[in-house]
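1. Have a look; sequence and predicted model below, questions after that.
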Amino acid sequence: MIKDKNGDKQINTQYECWLSWLGIWWFLLCCSIMLNIKFWIVVFGVILKLFNWTITSIPTVHAVLSNMNNNNNNNNSKATFQLVLLQRLTHFDSTVNQTWNQSFTICDLHHQKGGAVVIYIQSYDSPTVPNCTYSGLLSEISKQLNAVVVTFVPRFFGFNKPTGSKSVDNLKYLSVEEVLADLAHLVYSLRSKYPDSSKTVLIGTAHAGNLAIWFRLKYPHLCDGAIASGAPLQTTLGFGQLVDSIFERLNNIRPNCARALQDAFAQLAFLFQERNFPRIKLHFKFCTKKLPEKYALFQQLVEVLFIHDVIIYDDAELIQRICTVMTNDELSSPLQRLATLIKSECLWSTGDEIADQFKQANWSDLNILQNDRQWIYLQCTEYGKFYTVSEKISSLSETLFKQHYLDVFCKNVFQLSDEMVLKNIARSNFEYGGQFVEIDNVFFIYSNSDPRKWLGKNDFTNPSSTTAALGRMLYGLHPFEEFYHALQKPQLMRLLEEINQAVRRCRPFVGVMAENLFKNIRKETVRAKEKLLESFGKADRTVDEVFDENASNFFKQQKNAERLQRELRNYITCMKALAQASRGYYEAVREVYDPEWTGSDHVRAISHSIELLWDEFCEKLIDQALNPLNSYCSQFVDLKGKIAKRGRKLVDYDSARHSYESVVGNGKKPDDVKVQKAQQELAVAKKLYDDINSELSEELPVLYDGRYTFFINNLQSMFSAESNFHCDSAKLLTEIRDVITPKFNGMLFLCIIGDLFNFISVSHSLNHTDNLSSRSSLLNRSTTPAAEVNNEDASLTSDDSKVLPNSPAVKKTTTLKDTRGDSDENNPFANETDESPKSTPVTENGNVKENNGETVKASSTTVQDVLYKVRASHRYTAEDTDELSFEAGEVISVVPYENPEDQDEGWLMGVLEATGQRGVFPVNFTKPL
């Protein structure tokens, strides 16, 4: 005890210290509680319960499964949770032990005990669907099934980053098989946390619908049913139907909208053909100063105009804006209207520049969208479906458009060869069945306006299944409208009712897989025993010599066809390489051939025509020879499977026959029950064997006898395309040789070039003669195709007659085929009408007087000035004051330029015979008389 300085009060020092420490401890405890995040979670949880709100929480990785369990047991807490699950980097290589955390979302707003588990798969090309708290098909299904809704995003997309970068070595872990295995692990984990759930249903749109269907196909014990909207099941390299359907929709919104866009594409292709790069750059804004490439520019135009907003989200405002601009008569040409639509976009000039944007493998790279590189990798390895423009919309070759995608993305970005890409795409169809997949407990949804329906399942019923694959085609609705709109329309209400009925019929998986496995093991055991007895001579085997001969012919036919297919592919590959080498050579010729030399313009025009001739030849080989051969060889796979199935059914029949014989003829009194059972089994086995045997006995001879017709037609198409190519190329080479023939002996270079082209033209002529003789000898050895030979010779004669004469003054117009087509439909400028009224000329005193009263001085062109005459093959509308406007069929007299330096490539000076008007005109719109 001590006193204070006044002596009035005594203080217990120990008590005071104890109180001080207690106050400090209480203060620290309060601070720790305040700083603890769980405290705030509880506080906010009370607030949310009061106002019936929801919250998204992101717990730690270790707390994920416990949170899932807590949410399942606590029905009063309804929220959307962002969770993670530990996944293996690869599920198919036990030597790789690396793992990663996959994020997914759970919404238990409508979940009740015993309800279903609905998994919504989100893919790159599917729309962002609102979660279960909003109106739509997903919300309605979760209400009907009292389900918890789980949103699944595949690996390498969204926040799921399994590896440190997106390099090619890391992207090898991105495949459909790995994604399905991730999904299987997630379903298995959810079933362990929701043991009372009645069903597991998967829902997906676009390619996510493919994943839902394929998951049901590959993991039927983990999935009771699937709903797929707009699933493009068939994998193919190009998807030209997609852009075609967009043009139809544009035309339905406003008349002539699609036609105007088609004219713009045709005009742009014409500028590329004329190599008028300054005018192209005048219309479009490019990111670099390099010369633009045709297919690179068209690819970007299609993607900017349509792909993301029109296809995925069906942006009606964007479609309306496109039609408003393209039908605006205030803009002079369709090409100007197209340029107005994408005026603010910076376009890449070449395919290499586009490829460079997708070579960045870092996750932090901001040059491209986050998921574009991964999606293109899937297109090259699994999906295909590159967005091409068909030939009926533009003058572009769809085959070359596909090759552009292969070169720019698959080969340049990911170092994948063309053969590897095509094999990957074919493997997907083979493994999962494509659009002809046989599957049950799946509901298909397609919109009539959705282009994906052309690659989707077209038969929604499966009579052999008790729970058939069902579907509904929606008319007058946009793609995926059922997911992001309230189901108030009659079609959508009927759709929901049909889906509910289909889901109720889906029974959960209870021992089905084990039962099927047991049956398969039993069948294989019986077959192995029967084959063993037959091999040792203990049992007789049913022999069908006619079928054995048909099967032998089939395998021989398959071997020959596959060899022809393999060699034809090699031949086309060599032709493409030769075409590329020819293109490079003629580019070098145009560079060394000075403009002031004789026939400079004609040499350039004819060399371009030869390049187009090569492209057309390679395209014909693919379309007329290789593609039919590929389709022909594809039928061998199905028939080979049927033959193998017939062999199994034959073994089953022999086994059942021997079992029946052993029961009846065992020397004892037969048991009626066993005899009846053995007799029924024998009847069933015999019926199955007879059905498939009779089917193959009809198909195999027909296929073998049809080889003659197919191979003759295929070879005719092949040799006809080659002979026409050699014939036309020889004509063009002869013309270019005549043009560069030197006018005086001092030009040694021209002499050398002339001799070179003379040698090439003679070689092509010899090849042409050899091909004709070899083809004739082949056909003459047959018994019936004499008439076909005569028809083919007639066609060759008609083709030869179409080649233009060898006049140096008309060399610019000599091409294999008029690139603008035979009608106004193929003319890119045919739809540009002349604003000025047409007038009939009246001659007064040697002058030409128009109908509007103005007198124009007649042209002073004399007969000596006329070089030759041409006839207009298409209508042309002048775009400048010094150009001629003419209709198809009008005659134009070609006259020399007053100043030869004013002549542009591809243009001539002429005088209209009908009006006497003098001006320049494009040579591609005329043909010489």
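-> In hand now; what should we look at? Numbering: from 1, shown residues only.
2. Check the gap between residue 919 and residue 869 for me.
-> 16 Å (CB to CB, to the nearest Å). The way it works is simple: take the backbone N, C-alpha and C, and place the C-beta from them, glycine included.
3. which of these two has more neighbours?
-> residue 919 (18 against 15; other CB atoms under 10 Å).
4. and the next element down the chain from the lengthiest helix in the chain?
-> Counting residues, the longest helix in the chain under DSSP state H turns out to be helix 545-592. Scanning forward in sequence from helix 545-592 by DSSP states H and E, the next helix or strand is helix 600-620.
5. Walk me through the domains of the protein.
-> What automatic domain parsing lists as the domains of the chain is 2-35, 37-233, 237-432, 545-813, 825-928.
6. who's in contact with the residue positioned nearest the centre of the chain?
-> The centroid of the chain falls nearest to residue 385 when counting by CA atoms, centre = their mean (1.3 Å). Residue 385 makes contacts with 232, 235, 236, 237, 238, 239, 242, 379, 455, as judged by CB atoms under 8 Å, 6 or more residues apart in numbering.
7. Residue 451 versus that one, what's the distance?
-> 10 Å.
8. Quick check: neighbours shared by the two?
-> Joint contacts of residue 385 and residue 451 (CB under 8 Å, 6+ apart) are 239, 242.
9. in its sheet, what does the host helix or strand of residue 444 sit against?
-> Assigned by DSSP H and E, residue 444 belongs to strand 442-447. Strand pairing for strand 442-447, using DSSP bridges, gives strand 225-229 (parallel), strand 470-474 (parallel).
10. hang on, the earlier thing: now the residue nearest to the centre of the chain: phi and psi?
-> Residue 385 adopts backbone torsions of phi 60, psi 50, taken as degrees, to the nearest 10.
11. any low-confidence regions in the stretch 701-850 of the chain?
-> 741-850 (pLDDT under 70).
12. same thing but at 90, please
-> 702-711, 713-714, 716-718, 720-722, 724, 728-850 (pLDDT under 90).
13. Likewise for the stretch 101-250 of the chain?
-> Ranges of the stretch 101-250 of the chain meeting pLDDT under 90: 105-116, 122-149, 157-160, 164-166, 188-201, 204-207, 217, 220-250.
14. got a list of what residue 198 touches?
-> 114, 115, 116, 145, 508.
15. so who does the residue nearest to the second one when sequence neighbours are not counted touch?
-> Distances taken as CB to CB, 6 or more residues apart in numbering put residue 146 closest to residue 115, at 3.2 Å, once the chain neighbours are dropped. Taking CB under 8 Å, 6+ apart as the criterion, residue 146 is in contact with 110, 111, 112, 114, 115, 116.
16. Give me the contacts around stretch 178-190.
-> Contact with stretch 178-190 is made by 65, 68, 85, 87-88, 90-92, 102, 104, 117, 119, 121, 150, 152, 154-155, 197, 200, 202, 211, 214-215, 218-219, 222-223, as judged by CB under 8 Å, 6+ apart.
17. ok, and the most crowded of the contacts of residue 385?
-> When the contacts of residue 385 are compared by neighbour count (other CB under 10 Å), residue 232 ends up highest, at 27 neighbours.
18. how would you label that residue: helix, strand or coil?
-> Secondary structure, DSSP: H, G, I helix; E, B strand; the rest coil: residue 232 is coil.
19. Residue 474 reaches residue 444, doesn't it?
-> No: Residue 474 is not in contact with residue 444 according to CB atoms under 8 Å; the separation is 11.1 Å.
20. quick one, which of the two is more surrounded?
-> residue 444 (25 against 22).
21. if I look at the residue nearest to that one when sequence neighbours are not counted, how far off is residue 443?
-> Of all residues not flanking residue 444 in the chain, residue 471 sits nearest, at 3.4 Å (CB to CB, 6+ apart). For residue 471, the distance to residue 443 (CB to CB) stands at 6 Å.
22. Compare those two and say which one has the larger neighbour count.
-> residue 443 (23 against 20).
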